[in-house]
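In: After the sequence you'll find the predicted model.
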Amino acid sequence: MAERKARPSPASRRAGNIVSVVIDAVLLWGAHRVLGWGWFPWLTQAWEQVLPILTASLVVAIVVSVLYLGYDGVWLKAPGDIVMAAFGIAVGMRMWRVFPFDFSAYAFPWTTVVRVLIVLSIVGSTIAIVVEVGRLFRAALGGPAPSPGTREARHDETAPPAV
């Protein structure tokens, strides 16, 4: 049997959450300015129709990452990851419907590539939801809940800390 990796230290997890907050904040800022910059000639005005759900998704990701700074046990982490993945699906579906891109000036089939990437993001988010629901069930049934991103089957906490 393969050696199981240990869960990253609390300091590493906090650092990762801080990095996530910063990256999501920069993406949120940029998403609302990218059309005005004119850097991407293939991005259409339809981008404005994607912005509301994209904004909600990034704000949720920021809030959840900030919550993880205080507590990242399975009872918060799994539901938080489920909510973020659900927003990921919503963003992907909106991107698919609106498709705010115009690649007609390019010979390469960029439309197909981007559509495949959108589908992969929706599938990946769906898989993430199934995995996190499984982690919650395992924790609720008292079984070991593997740490996210590791193969280790351990469960450090049974309930969130009292406030």
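Out: Sure, I can see it. Note that the structure is a prediction, hence the values are computed from the model and not measured.

In: any low-confidence regions in the chain?
Out: Counting by pLDDT under 70, the chain shows low-confidence ranges at 1-4, 143-163.

In: What are the buried residues along the strand or helix carrying residue 24?
Out: Here residue 24, judged by DSSP states H and E, is contained in helix 10-31. Under the neighbour-count criterion of 16 or more other C-beta atoms under 10 Å, helix 10-31 has 13, 17, 20, 21, 24, 27, 28, 31 buried. Placement of C-beta: from N, CA and C, glycine included.

In: Please tabulate those residues in a markdown table, including the columns distance to residue 69.
Out: Formatted as a markdown table, those follow (distance: C-beta to C-beta, whole Å):
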| residue | distance to residue 69 |
| --- | --- |
| 13 | 9 |
| 17 | 5 |
| 20 | 10 |
| 21 | 8 |
| 24 | 13 |
| 27 | 19 |
| 28 | 18 |
| 31 | 23 |
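
In: tell me which of these is nearest to residue 128?
Out: residue 20 (15.0 Å; C-beta to C-beta).

In: rewinding a little: which residues outside whichever helix or strand comes after the helix holding residue 24 are in contact with it?
Out: Where DSSP H and E defines the elements, the next helix or strand beyond helix 10-31 is helix 34-37. Helix 34-37 has contacts (C-beta atoms under 8 Å, 6 or more residues apart in numbering) with 40, 43, 45, 47, 48.
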